[in-house]
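> here is my input; please provide its structure:
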Amino acid sequence: MAPASTADDEDDYMNMTFEEAAPNKKAETLTQKKKRLAREAEQAQPKSKAQLAEEERKKREEALNKTALDTSSKGYKMMAALGYKAGSALGASRPTVDGEKDSRLLEPIGLEMKDSRSGIGADAEKKRKFREEVEAQQDVDKKRKVEAVDFRERQQKEREDKRKEGQMWGAMKVCERLEEEEEADVEAATDAADRTFKHTKPLRGVNVLWRTLIKQRAINERDRRMRYDLHQSLSRRPDYNDPEEDGEEQIAFAKKPATTEEEDVSLDEEDEELDEFEALEVSDKLDKLVAYLRERWKYCFWCKFRYPDEAMDGCPGITEEAHD
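So this is what the prediction gives:
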C-alpha cells in the first residue's frame, strides 16, 4: 500500500527563493597569472640579511636625526620627575650678562657612530696629518708658481739684456765711426770697402764709452795672430834649424820670440775707469751712449740720423719707446 502524501513533503515551488548567481569574471590570462604568482611569492619570501641591515640602518639614522626627546622613553620620564620641562635647558639656571646667550644645552648631545676599530683620538690625528699634508702641498704649489713666474721674468730679462747689448755694441761702433770722420778725411772714412782701420791711439786715449770695443777688437786680433803663429810652428819640427832662414822667418816659425807691441802690453794693464764703466748695467751703458751721441754729434741712435742743429726737429725723443 502506498503511503499517503502530505503537503509538507511536497516541494513548494511557488515559495522557493533562489540565490543570486555571482557574475562571471573574465578569465585570467597567462601573463597576469605569472605576475600574480610572482607578487605572492615575493610577499611570502623572507627578507635577506642585507635588507634587514639596511632597514635597521635607516631606522637608526632616523632616530639619531631626531632632536626632540621621546616622551615615552624612560629617560624623559626620569627627567620629568626631577622637574624637567620640554624645551627648557638642563641644569640649574646661571646668571647671564646683557646680550649673552644661555650656554646650557637644550637638546641631548648627538651620537656619532664609529665604523672603524681605531682608538679614541685617532680620527683627530688623521685629520691633523691630512691638514699638514694639504698645507705642505699648497706651499709646494705656491713655490712652484713663484719659481715659474721668476723663471719667465728672468728669461724675459735675459732676452731684453741680450737685445740691449746688441744695441750697445752698435752705438759704440757709431761713436767710433763719427770720431774717425772728425779725425780723418771724409772720403777715407766712408770708403769702408777698402779701408782696414787699425787703432793707433793708446787704449787709454779712447773715450771710455767705446773703449771696450777697441780693447775687444785688439784682443781678438792678438788671439788670431797667436793662433796663426801656433799653426805655423806646428807645421815644422822645432829642432830643425835652417841656416838660410833670416830673423823674420825664424820669428814667423816661432824659432825666436817676437817683440811684444805696446798695444798688446796695454791690454793687460789695469784700467779702473773702464772697469767702472763695464760694471754698469747694459741698459745704463746704452743710455750713456745714446745721450753722448745726441750731445756730441746731434745724432739720434733710434732715428739713425744726424741732425744739423741742437734742436733736432723731427726726433720723437731720447728713448726707444718714443720711436715706436
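> worst mean pLDDT across the helices and strands of this protein, which element?
The weakest-scoring helix or strand in the chain, judged by mean pLDDT, DSSP states H and E, is helix 186-190 (a mean of 49).
> buried ones in whichever helix or strand comes after it?
Later in the chain than helix 186-190, the nearest helix or strand by DSSP states H and E is helix 208-234. Residues Leu209, Trp210, Arg211, Thr212, Leu213, Ile214, Lys215, Ala218 are the ones in helix 208-234 that count as buried (16 or more other Cβ atoms under 10 Å). Yep, even glycine has a C-beta here, placed from its N, CA and C like the rest.
> chain center to stretch 58-77, what's the gap?
53 Å (Cα atoms, centre = their mean, to the nearest Å).
> average pLDDT for it?
Averaged across stretch 58-77, the pLDDT comes to 77.
> all helices of the stretch 1-150 of the chain, in order?
30-44, 49-65, 74-81, 122-183 (DSSP state H, counting those that start in this stretch).
> which helices and strands does the shortest one pack with?
Under the contact criterion of 3 or more Cβ pairs under 8 Å, 6 or more residues apart in numbering; DSSP states H and E, helix 74-81 touches no helix or strand at all.
> hmm, who's touching it?
Leu69, Asp70, Tyr84, Leu90 (Cβ atoms under 8 Å, 6 or more residues apart in numbering).
> redo that, cut-off 10 Å
Under the contact criterion Cβ atoms under 10 Å, 6 or more residues apart in numbering, helix 74-81 has outside partners Ala68, Leu69, Asp70, Thr71, Ser73, Tyr84, Lys85, Ala86, Leu90, Pro108.
> list only buried entries from the residues you listed.
Burial by neighbour count, judged by 16+ other Cβ under 10 Å, picks out Leu69, Tyr84 from the contacts of helix 74-81.
> ok so, going back, for Leu286, state which of the buried residues of helix 208-234 is nearest.
Leu209 (10.4 Å; Cβ to Cβ).
> from what I see, that closest one and Tyr292 are in contact.
Yes: with contact defined as Cβ atoms under 10 Å, Leu209 reaches Tyr292; the gap is 5.7 Å.
> now Ser283. Nearest residue, chain neighbours left out?
In space, and not counting its chain neighbours, Ser283 is closest to Lys164: 5.5 Å by Cβ to Cβ, 6 or more residues apart in numbering.
> can you give me the neighbour number for the one you found?
17 (other Cβ atoms under 10 Å).
> what's the overlap in contacts for Leu209 and Tyr292?
Joint contacts of Leu209 and Tyr292 (Cβ under 10 Å, 6+ apart) are Ala171, Cys175.
> test my guess that Glu269 contacts Asp275.
No: using Cβ under 10 Å, Glu269 is not in contact with Asp275, being 11.4 Å away.
> could you chop this protein up by domain?
As assigned by automatic domain parsing, the chain contains the domains 124-197+280-324, 200-278.
> quick one: Glu310 is in a helix?
No: remark: Glu310 does not belong to a helix; assigned using DSSP: H, G, I helix; E, B strand; the rest coil, it is coil.
> excluding sequence neighbours, find me the nearest residue to it.
Lys298 (6.2 Å).
> what sits against that neighbour?
Phe305, Arg306, Tyr307, Pro308, Asp309, Glu310, Ala311, Met312, Cys315 are the contacts of Lys298 under Cβ under 10 Å, 6+ apart.
> against Phe305, how distant is the closest residue to the fifth one other than its chain neighbours?
The shortest distance from Asp309 to any residue that is not its chain neighbour, by Cβ to Cβ, 6+ apart, is 6.7 Å, and that residue is Lys298. The span separating Lys298 from Phe305 equals 9 Å under the rule Cβ to Cβ, to the nearest Å.
> any chance of the domains of the chain in TSV, with distance to Glu40 too?
Output for the domains of the chain, formatted as TSV (distance: least, Cβ to Cβ, whole Å):
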stretch	distance to Glu40
domain 124-197+280-324	51
domain 200-278	103
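> which one of those domains has the poorest average confidence?
domain 200-278 - the lowest mean pLDDT of those, at a mean of 72.
> identify the contacts common to Lys298 and Phe305.
Both Lys298 and Phe305 are in contact with Met312, Cys315, where contact means Cβ under 10 Å, 6+ apart.
> give me the residue at the spatial middle of the protein.
In the chain, the C-alpha nearest the mean C-alpha coordinate belongs to Lys145, at 3.5 Å (Cα atoms, centre = their mean).
> including distance to Tyr228, could the helices of the stretch 1-150 of the chain go into JSON lines?
Converted to JSON lines, these look like this (distance: least, Cβ to Cβ, whole Å):
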{"stretch": "helix 30-44", "distance to Tyr228": "106"}
{"stretch": "helix 49-65", "distance to Tyr228": "95"}
{"stretch": "helix 74-81", "distance to Tyr228": "109"}
{"stretch": "helix 122-183", "distance to Tyr228": "25"}
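> out of those, nearest to Met226?
helix 122-183 (23.7 Å).
> which secondary structure elements does the closest one sit against?
helix 186-190, helix 208-234, helix 282-297, strand 299-300, strand 305-306 (3 or more Cβ pairs under 10 Å, 6 or more residues apart in numbering; DSSP states H and E).
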